[in-house]
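K.L.:
mind looking at a prediction? Sequence and model below.
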Amino acid sequence: MKVLKLALLCAIFSSLVSVASAQESKKENSATKPAPRDKGWEKRHETFVGIAKRGNIDLLFLGDSITDAWGGEGHGTNGGHKIFTSKFVPMKAANFGIGGDRTQHVIWRLQNGELDGIKPKVVQLMIGTNNSNGTDNTAEEIADGVKGIIDEIKKKSPSTKVLLLAVFPRNTGKDDAAKKIQKDKIDKVNSIISKLDDGGKSVKFLDIGSKFKDASGALPKEIMPDQLHLSEKGYEIWANAVEGVITSMLKGDSAKAPEPTKTVKKVEPTTPAKPATPTPEPTKTVKKVEPAPAPKTPEPVKEMKKVEPAPAVKAPANSSTTVADEEVVDVKKSPIRDFFKKLRNR
């Protein structure tokens, strides 16, 4: 009986230990644990620290080999070099991408000098594809690693805005099953990190992956020769997709936009020009201009019609006889009449 109890206690103890160790391993996410790499990598990192110390960087490209191939100071003349020089260098851009990097390596670099001396207005970040290989990290772990990088940027330079790009599509698995597993993982990472977008206040998420695919959803070799890295044409597509967004973020247009609306509201108090309401009073004075009935003066014209010259005709008449009667009387008395009378009597 004692042996049975002892065995039972041992089983309980071992299960507790295994649960604790499982929880411990769950807590430790390699994608969020800052880590350096080899000596050659550290040398490149030191180059970037030196560039940062010189300052004058408004736009920073941050990521792995896909970002590394943009070129610029500290890089070779790879696929994106010409485009980076012509389009982004005039924007005061620097490229701190290193081939093979995972999220934990970028976190380490930021903690060790790559943001010292600079406060870029915009960081373009594309990272996580190397964490997606095999069983290295889960989608959730990779997303946590991406968030860890953004948190580090905010600590070092709170005013910096992050243009967070979705992890680009790839097709490098050893077989169809492996390709599908990796694609599903990347899709899930992008779904999670898209929620880090806060409306562009500090993070703007942008998924341009579909621009690298053809109508069938495949990745043409003229754009992704090895189904992972971009050709010059691929970098041209990338540049065209982000140039306008970056320009807008550098200007800070979205942040300044609401301010004018506030000033417009403050202009409203000028409406107390309500005292101007006495303006209706002039209409009253217009009513008083009603002495314009002066056109009634034509009434004296009626009196003119009574230019009673007619009574002048009546003036010679003393009798009650009409004017016609008076004329007849005059004719009767006239000497001509008498003359004709005399002729008749002869």
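P.N.:
In hand now; what should we look at?
K.L.:
where does the stretch 201-346 of the chain have low pLDDT?
P.N.:
253-346 (pLDDT under 70).
K.L.:
change it to 90
P.N.:
252-346 (pLDDT under 90).
K.L.:
over to Leu230: give its phi and psi.
P.N.:
phi -90, psi 150 (degrees, to the nearest 10).
K.L.:
what about it, how many neighbours?
P.N.:
Close neighbours of Leu230, defined as other CB atoms under 10 Å, add up to 23. C-beta coordinates here come from the backbone N, C-alpha and C atoms, glycine included.
K.L.:
what's the domain layout of this protein?
P.N.:
29-255, 299-345 (automatic domain parsing).
K.L.:
buried deepest among those, which one?
P.N.:
domain 29-255 (a mean of 18; mean count of other CB atoms under 10 Å).
K.L.:
and Ile66, how far is that from Ala218?
P.N.:
Separation of Ile66 from Ala218 (CB to CB, to the nearest Å): 18 Å.
K.L.:
repeat for Asn133
P.N.:
21 Å.
K.L.:
which parts of this structure are strands?
P.N.:
With DSSP state E, the ranges of strands along the chain come out as 59-63, 93-97, 122-126, 161-165, 203-206.
K.L.:
now do the helices in the stretch 151-300 of the chain.
P.N.:
Assigned by DSSP state H, counting those that start in this stretch, the stretch 151-300 of the chain shows helices spanning 176-193, 232-251, 253-256, 258-267, 281-288, 299-305.
K.L.:
just list whatever residues bridge to Leu125.
P.N.:
Leu62, Leu164 (DSSP bridges).
K.L.:
look up the pLDDT of it for me, please.
P.N.:
Looking at Leu125, its pLDDT reads 98.
K.L.:
so who does it touch?
P.N.:
Leu62, Gly63, Val146, Ile149, Ile150, Ile153, Val162, Leu163, Leu164, Leu165 (CB atoms under 8 Å, 6 or more residues apart in numbering).
K.L.:
if I look at Gly99, how far off is Thr247?
P.N.:
Taking CB to CB, one finds Gly99 at 28 Å from Thr247.
K.L.:
same deal with Lys213?
P.N.:
According to CB to CB, Lys213 stands 25 Å off from Thr247.
K.L.:
swap in Gly209?
P.N.:
Taking CB to CB, one finds Gly209 at 22 Å from Thr247.
K.L.:
cool, and Gly148?
P.N.:
28 Å.
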